[in-house]
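Chemist: Here is my input, please return the structure:
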Amino acid sequence: MTDLAFRSAGQLAAAVAAKEVSSVELLDHYLARVEQLDPKVNAIVARDEEGARAAALEADRTVSRGGPLGRLHGVPVTIKDSLEVAGMRTTGGSARWGKHVSTSDAESVARLKNEGAIVFGKSNMPPDARDWQTYNKVYGTTNNPWDPTRGPGGSSGGSAAALAAGLTGLELGGDSAGSIRVPAHFCGVYGLRTSFGIVPRYGSVSGHAPGTLADFDMAVLGPLGRHADDLDLGLDILAGADHDRAPAWRLELPAARSTTLRGFRVAAWLEDPFCPVDSELAAIMRATLEAVRAEGAVVIEGRGPVGLEETMALYEPLLMAQSGLVESDESYAGLVDSAAAEGAAGGFASDLTVSFREWHALDERRQHSRRRWSEFFRDVDVLLCPVTPTAAFPHDQRPDPTWSVRTLRVDGADRPYRDMLTWMALSAVNHLPAAVAPVGTTRDGLPVGIQVIAPHLHDRTAVQFVRCLAEVIGGFRRPPGF
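Modeler: Next comes the predicted model:
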């Protein structure tokens, strides 16, 4: 049964359908692992065992009757605590919403349930999804299963930690500044930042009051799993027009541009002086690139069509403007006063309180950037690049709202904490899909992931590439002790 916990979600669904294991047995197995192992990581912070067991019993009855089975039939899953699950506490990692109990499912959660998934818990996250570490006043700190002195990443840190520790079958997370990709990289699992707008986000409380209909620019939802196949399965289930557009809109994502590594045209941007990557990570990514080249893929090395410095000059103010929406009315009013004091030189407060006119000027620049990326992807199918400059770093919970105190250690030197943004920005600001795949470990045994960016709406291309990559270099490895 131990190995069962680490199977892909698709394999688990097949095992339930074949009566190799019942959904109730599978749920009990995961719950037992949570009881035994989650105290080490604190990944799953709210549970609905009664509701999950009732759903699992009904799933088993359907199997016995020979009824139709969904693609996740009977599979126990957990959901990032930014997403509403009916009957469960949903906090968004914030004390502001800490007592909120959801009365309905987020649209994405409903899609998982409609395919037979059994939601038994929520996974931890930082307050309002605004950190690459996972801790909050409601549920405490989540640790990295590979090293409890380090964080699992954020903001979907509990999601990735739960998967790596074998505590859940599949996870659903969100990403606007690497919130799926960083945890996948830090915990050694797979994650997919979907193309902007293809997965409905209604039912998210990250920075919103529960039930808010407004959405965040650049924010997406996507699956995390232990196997590349789970990204494809999650994409199939989650992607599609939301309920308001469903009467007229249909989404037909194009097939992957290649089915084998040999058929891919690969661009590689593994290093850049604007945001250097730790040499150990660079070496692991370089070995990955050589494995891809050895399979016969066409590989072109060099930077993308828009440089990191230019990208950050666009992405950071757009992200800060989005972050301003999270502030309370009182806090925002104070920021407006501070912005006035900053004057023409600008500063942190000015970034969070940009005008509608300023935002649209930024968006116009973004559309030109997107056009350049579209032209770039006429000649290549995917871009390989780092996820962050480092592997998982030690816990650092010093208050730092402007990211001016915390630092990253890269090749023995301190670097600004905000450098975590840089390699994330390429796909986020341009609304591109990006998959993360585990490709090795450091000398200290920490996972290393690589980011695979594909053209807009070519999510299947990114997913197929990481699936092919796993066949060549291997995929997920379980952390010691789990």
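Chemist: from here on, contacts and neighbour counts on C-alpha atoms
Modeler: Fine.
Chemist: What is the longest helix of the chain by residue count?
Modeler: The residue-count maximum for a helix in the chain (DSSP state H) belongs to helix 356-376.
Chemist: Which strands and helices lie in contact with that helix?
Modeler: helix 308-324 (3 or more CA pairs under 8 Å, 6 or more residues apart in numbering; DSSP states H and E).
Chemist: Which elements pack onto the helix it packs on?
Modeler: Secondary elements touching helix 308-324 (3+ CA pairs under 8 Å, 6+ apart): helix 348-352, helix 356-376, helix 422-429.
Chemist: what do you get if the cut-off is 10 Å, keeping everything else the same?
Modeler: Helices and strands touching helix 308-324, by 3 or more CA pairs under 10 Å, 6 or more residues apart in numbering; DSSP states H and E, are helix 329-342, helix 348-352, helix 356-376, helix 422-429.
Chemist: average model confidence for that helix?
Modeler: Averaged over helix 308-324, pLDDT sits at 90.
Chemist: go on, stretch 173-183?
Modeler: 96.
Chemist: Can you give me the end-to-end span of that stretch?
Modeler: Criterion CA to CA, to the nearest Å; first-to-last residue distance in stretch 173-183 is 10 Å.
Chemist: tell me how far that stretch is from the chain's mean position?
Modeler: Computed by CA atoms, centre = their mean, to the nearest Å, the chain-centroid distance of stretch 173-183 equals 3 Å.
Chemist: One more: stretch 440-460?
Modeler: A distance of 11 Å separates the centroid of the chain from that of stretch 440-460, by CA atoms, centre = their mean.
Chemist: could the helices and strands packed on helix 308-324 go into CSV alongside distance to residue 167?
Modeler: CSV is the format used below for the helices and strands packed on helix 308-324 (distance: least, CA to CA, whole Å):
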stretch, distance to residue 167
helix 329-342, 38
helix 348-352, 38
helix 356-376, 38
helix 422-429, 27
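Chemist: Quick check: which of these is buried the most?
Modeler: Stretch with highest mean neighbour count among the helices and strands packed on helix 308-324: helix 422-429 (a mean of 25; mean count of other CA atoms under 10 Å).
Chemist: Relative to the following helix or strand past that helix, what are the paired strands and their orientations?
Modeler: Per DSSP states H and E, the first helix or strand lying C-terminal to helix 422-429 is strand 434-441. The pairing partners recorded for strand 434-441 under DSSP bridges are strand 190-193 (antiparallel), strand 447-453 (antiparallel).
Chemist: Pipe the helices and strands packed on helix 308-324 into JSON lines and attach mean pLDDT per row.
Modeler: Converted to JSON lines, these look like this (pLDDT from 0 to 100):
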{"stretch": "helix 329-342", "mean pLDDT": "77"}
{"stretch": "helix 348-352", "mean pLDDT": "76"}
{"stretch": "helix 356-376", "mean pLDDT": "95"}
{"stretch": "helix 422-429", "mean pLDDT": "98"}
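Chemist: Spit out the contact partners of the residue most central in space within the chain.
Modeler: The residue lying closest to the centre of the chain (CA atoms, centre = their mean) is residue 180, at 1.3 Å. Contact analysis of residue 180 by CA atoms under 10 Å, 6 or more residues apart in numbering lists 132, 153-157, 159-160, 172-174, 190-194, 220-224, 434-436.
Chemist: 8 Å - rerun?
Modeler: Residues in contact with residue 180 (CA atoms under 8 Å, 6 or more residues apart in numbering) are 154-156, 173-174, 191-193, 222, 224.
Chemist: Show residues contacting the longest helix of the chain.
Modeler: Here helix 356-376 has contacts from 304-306, 314, 318, 321, 429-431, 455-456, using CA under 8 Å, 6+ apart.
Chemist: would JSON lines of those residues with distance to residue 108 be doable?
Modeler: As requested, the contacts of helix 356-376 are arranged in JSON lines below (distance: CA to CA, whole Å):
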{"residue": "304", "distance to residue 108": "32"}
{"residue": "305", "distance to residue 108": "33"}
{"residue": "306", "distance to residue 108": "33"}
{"residue": "314", "distance to residue 108": "30"}
{"residue": "318", "distance to residue 108": "25"}
{"residue": "321", "distance to residue 108": "26"}
{"residue": "429", "distance to residue 108": "23"}
{"residue": "430", "distance to residue 108": "23"}
{"residue": "431", "distance to residue 108": "19"}
{"residue": "455", "distance to residue 108": "23"}
{"residue": "456", "distance to residue 108": "21"}
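Chemist: Which of these are buried? Put it as a ChimeraX command.
Modeler: Selection of the buried residues among these in ChimeraX, burial being defined by 16 or more other CA atoms under 10 Å:
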select :304,314,318,321,429,430,431,455,456
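Chemist: Pick the one among the contacts of helix 356-376 closest to residue 52.
Modeler: Taking CA to CA as the measure, residue 52 lies nearest residue 431 of those, at 35.1 Å.
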